[in-house]
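**Student:** one predicted model, sequence on top.
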Amino acid sequence: MKQRLLWKLLLTNIVPVIAIIFVIVWLAIDKLAASYFMELMNKYEVSPTAIHQMFLSAIHHYLIWASLAALFLAFILSYLLTRRVLRPLQQMTKITQDVAAGNFQARVDIVSQDEVGQLGIAFNSMADSLAQVEKLRKSMVADLAHELRTPLTNLRGYLEALTDEVVPPSQETFQMLQQEILRLVHLVDNLQQLARADAARAYLHKESVLLVEAVNQMLELYRPNFKKKNIQVELTLASNAQSVTADRDKLLQAIRNLMENSWKYTPAHGRVSITSEKTKDGTRVLFSNNGSAISQDDLPYIFERFFRAEKSRSRDAGGAGIGLSIVKELIEAHGGQVGADSTDDETRIWFTLPA
């Protein structure tokens, strides 16, 4: 920040105040003190003219020097205090330039708890958020490149082997190629769903939706998957939380992603519980399942795009890490919220839609 703001503040605060005080004192001496002095001169029969002028000259002289001394002292104190106040703003200017250049590490030093200090705290919080977004962006680009590279590499390898007649054109080979293509198609579909979820706020067709019908519709779709792993599913919907106001298709998409998440991460012979309840914020739908706990360090990021708590998990089993991101975008488009917690024996993921 340039020094001109400092000078503006100094000139605005000091010069008018000192000037006003100087004028008031000067007029007070001329009108009041001089009159009192002349009364004393008349009382004691002393000629007031010469002494009166001498008195005014002396008073004006010392008044000028006292005003200059007060101006100098006020200037020094105001300069130091104003500079201290403006220091965080100067840091913010420098840090803003660093952030624009891609450096998200610098932070403002908080030296007070006043309005400027609160601004510094908010600025640091914004810088932390930007740093996290940048980290997630780089991770997302790397994960997306890996998601695309793996099936494309497999396809390229098998096609080159078929071209060179190293691998015979058998049905098993073509089925394997088809699986790799389906992985690419599934990834592209997920990305398209995520893009649609981003734009969901502008295309909501809200209506009254029965939760029991929506959940049962998705449950029937995934029931074969649950049966294959011998997973027990419990459905309990509260009587006062049977319906919500939402876009039916987008709500079904969110429930489907949570259903798929429950099926994938629940171990064989495990259990899944789906419940609803009425809260002060609206209607909450809760999906809980037993299985491996999610680390407390990873828990705040499970709704971020391409984030997977277990980095070494198979892509076939763990997916691309887009499902919960889609849930978050769809629910927040309705004005709702998502959340999760995890213990050693249970993981709970929920969303809340406003009343």
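**Tutor:** Looks like it came in fine.
**Student:** only C-alpha atoms for contact and neighbour calcs from this point on.
**Tutor:** OK.
**Student:** confirm that residue 233 sits in a helix.
**Tutor:** No - assessed with DSSP: H, G, I helix; E, B strand; the rest coil, residue 233 is strand; it does not lie in a helix.
**Student:** can you say which helix or strand has the closest residue to it other than its chain neighbours in it?
**Tutor:** For residue 233, ignoring the flanking residues on the chain, the nearest one in space by C-alpha to C-alpha, 6 or more residues apart in numbering is residue 272 at 4.7 Å. Using DSSP states H and E, residue 272 falls within strand 271-279.
**Student:** adjacent strands (with direction) for that strand?
**Tutor:** Strands adjacent to strand 271-279 in the sheet, as given by DSSP bridges, are strand 232-237 (parallel), strand 282-289 (antiparallel).
**Student:** out of the ones you listed, which is closest to residue 151?
**Tutor:** For residue 151, the closest of these is strand 282-289, at 30.8 Å, according to C-alpha to C-alpha.
**Student:** what does that closest one contact?
**Tutor:** Residues outside strand 282-289 that contact it (C-alpha atoms under 8 Å, 6 or more residues apart in numbering) are 241, 244, 258-259, 262, 266, 270-278, 346-355.
**Student:** run the last query once more with 7 Å
**Tutor:** Strand 282-289 is contacted by residues 241, 262, 266, 271-278, 346-355 when judged by C-alpha atoms under 7 Å, 6 or more residues apart in numbering.
**Student:** stretch 256-269 too?
**Tutor:** Stretch 256-269 is contacted from outside by 218, 226, 229-231, 272, 289-291, 317, 323-324, 327, using C-alpha under 7 Å, 6+ apart.
**Student:** so which one among the residues you listed has the lowest pLDDT?
**Tutor:** Scanning these for pLDDT, the low point is residue 317. It has 46.
**Student:** before we move on, back to that, in ChimeraX, select just the buried ones from the contacts of stretch 256-269.
**Tutor:** With 16 or more other C-alpha atoms under 10 Å as the criterion, this ChimeraX line picks the buried residues out of these:
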select :218,226,231,272,289,290,291,323,324,327
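**Student:** residue 153: which of the contacts of stretch 256-269 is nearest?
**Tutor:** For the contacts of stretch 256-269, the closest approach to residue 153 (C-alpha to C-alpha) belongs to residue 317, at 19.2 Å.
**Student:** bridged to residue 283, which residues?
**Tutor:** The partner residues for residue 283, given DSSP bridges, come to residue 278, residue 353.
**Student:** which of the contacts of strand 282-289 count as buried?
**Tutor:** Buried members of these, counted by 16+ other C-alpha under 10 Å: 241, 262, 266, 271-278, 346-354.
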